[in-house]
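> I would like the atomic coordinates for the input below:
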Amino acid sequence: MNDSTPVIVAARRTPIGTAGLALRDVDTTGLAAPVLGALRTDLDHEGDPGHVVLGNCMGAGGNVARVASLAAGLDVSVPALTVDLQCGSGLAAITTAAAFVRSGTAEVVLAGGVESASTAPWRMWPPTDGGAPQRYSRAPFAPSDLGDPEMGAAADAVAARWGISRERQDAYAVRSHSRAASARAAGRFDDELVPLPQLDRDERVRSTLSAATLARLPTAFTTGGTVTAGNACGINDGAAAVAVVSEARRRADGIPGLACLGWETVGVDPNLPGVGPVPAIRNLLRRNDITLDDVGVIELNEAFAAQVLACCDELGLHDERVCIEGGALALGHPWGASGAVLAVRLFSQMVRHDGPELGIAAIAVGGGQGVAMLVRRVG
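The predicted structure is shown next:
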């Protein structure tokens, strides 16, 4: 820790909606601007930030962060950057902000991510040889000759490779919903939420979900596979962001926060992208000379129960320690925002509720990458 250490001192998110439902008409600006505005209110004595960084995967293009920051009422002099690391975009935006602060480029940065699957534009390849334009749902994650599986098929491959049974996946998904429902009922999400006119609570959480219900669902992606719509995340809309300041600024303000001790981005086999968090977390632990036993809060993005469980098995981590207030299987996975949602969840558990000293957020990325960040409670 020194004066230039980046520290998260505020964290907010929208309720997460299911694509096509409550937030179906809210675009990325409508999602991100209220979150940025709430953070600026949280830091009202700070004035405008020195920079804004937002992650986004499927928006209309352009500089989503710039449009959202201006819509939030930030001054035109505040620069804004949009980053795309697919599902890791929100966490990559926060680590970029941390690097800005640590380098002295900016003393206060608002960073996070946003995704509106509901309003994402249609994408077309141009016509060839006089044919019609070809619609596609996503750009390539990796060259096809290396392997570029759809994420559901990749999760089935991970389940098969690590021997993760259907029953274990379903049980984990039920637990995620149960934990999220309990946390919501206890008001654990209240301080982090920025209610929207269309939605004031997470839309996907099911308090009565059972393993028997999930057992009736067919497999969704691969013949003979084990991944279903019940043990996979939804398609979702939402935004999340944090305020990152220097330790000198935090100490002067006399407020608690989460010091960003380190972050890591790694590459893995594009055919098994779900285990990307494993080497990222191992590298962080090794560089900081700690073990997972030293870490009190662990937030792994729950894109699929299979990939979270495979990561846990590979790391020797008991899966009951992961996402103790529910994760993306229950809350949802708004792709470009999900990494930032993890950081918001760390903040709520560690700072607002006087939590443990150390926390880790980590997320897998399509194309075979992983992002992880280690934080320490300070103040």
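> ranges for the strands of the stretch 201-350 of the chain?
236-246, 257-267, 297-300 (DSSP state E, counting those that start in this stretch).
> tabulate the ones you listed (TSV), appending mean pLDDT and distance to Ser77.
C-betas here are computed from N, CA, C, even on glycine. Listed next are the strands of the stretch 201-350 of the chain as TSV, based on pLDDT from 0 to 100; distance: least, Cβ to Cβ, whole Å:
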stretch	mean pLDDT	distance to Ser77
strand 236-246	98	18
strand 257-267	98	25
strand 297-300	98	34
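> need the winner for burial among those strands.
strand 236-246 (a mean of 31; mean count of other Cβ atoms under 10 Å).
> residue contacts, the closest residue to Asn236 other than its chain neighbours?
Leaving aside its chain neighbours, Asn236 sits nearest to Gly332 (3.5 Å; criterion: Cβ to Cβ, 6 or more residues apart in numbering). Contacts here follow Cβ atoms under 8 Å, 6 or more residues apart in numbering; on that basis Gly332 touches Ile16, Gly17, Thr18, Asp202, Glu203, Arg204, Cys233, Gly234, Asn236, Gly238.
> quick one: which of those is most hemmed in?
Neighbour counts for these (other Cβ atoms under 10 Å) peak at Gly238, which has 34 neighbours.
> relative to Ala32, how far out is that one?
When distances are taken as Cβ to Cβ, to the nearest Å, Gly238 and Ala32 turn out to be 10 Å apart.
> same thing with Ala65?
For Ala65 relative to Ala32 (Cβ to Cβ), the value is 8 Å.
> OK, contacts around Pro15?
Pro15 touches Leu193, Pro195, Leu196, Leu199, Asp200, Arg201, Asp202, Glu203, Gly238, counting by Cβ under 8 Å, 6+ apart.
> now do the SS call for it.
Here Pro15 is recorded as coil under DSSP: H, G, I helix; E, B strand; the rest coil.
> same question for the one helix or strand Ala10 maps to, mean pLDDT?
Assigning secondary structure by DSSP states H and E places Ala10 in strand 6-13. If you average the pLDDT over strand 6-13, you get 98.
> doesn't Thr119 lie inside a strand?
No - assessed with three-state DSSP, Thr119 is coil; it does not lie in a strand.
> ok, the closest residue to it other than its chain neighbours - contacts?
Nearest non-adjacent residue to Thr119, counting by Cβ to Cβ, 6+ apart: Asp27, 4.6 Å away. Shown in contact with Asp27 (Cβ under 8 Å, 6+ apart): Ala60, Ser116, Thr119.
> quick one, helices of the stretch 1-150 of the chain?
For the stretch 1-150 of the chain, the helices defined by DSSP state H, counting those that start in this stretch occupy 28-42, 64-71, 89-103.
> so of the ones you listed, which one's packed in deepest?
Taking mean count of other Cβ under 10 Å, helix 89-103 is the most buried of these, at a mean of 26.
> elements contacting it?
strand 6-13, strand 51-55, strand 80-83, strand 108-116, strand 236-246, strand 257-267, helix 335-347, strand 369-378 (3 or more Cβ pairs under 8 Å, 6 or more residues apart in numbering; DSSP states H and E).
> circling back to that earlier point, which of the contacts of Asp27 sits closest to Pro140?
Within the contacts of Asp27, distances to Pro140 taken as Cβ to Cβ reach their minimum at Ala60, with 19.5 Å.
> for Thr82, see how far away that closest one is.
11 Å.
> between those two, which one's more packed in?
Thr82 (24 against 14).
> what sits opposite that one in the beta ladder?
Leu54 (DSSP bridges).
> state the distance from it to Val67.
For Thr82 relative to Val67 (Cβ to Cβ), the value is 9 Å.
> repeat that for Arg376.
For Arg376, the distance to Val67 - Cβ to Cβ - is 34 Å.
> nearest to Gln349, of the contacts of Gly332?
The closest of the contacts of Gly332, once distances to Gln349 are taken by Cβ to Cβ, is Asp202, at 16.0 Å.
> I'd assumed Leu331 was in contact with that closest one.
Yes - Asp202 is within contact range of Leu331, at 5.1 Å (criterion: Cβ atoms under 8 Å).
> overlap of the contact sets of the two?
With Cβ under 8 Å, 6+ apart, Asp202 and Leu331 have common neighbours Ile16, Ala180.
> before I go, just wanted to say thanks for your time.
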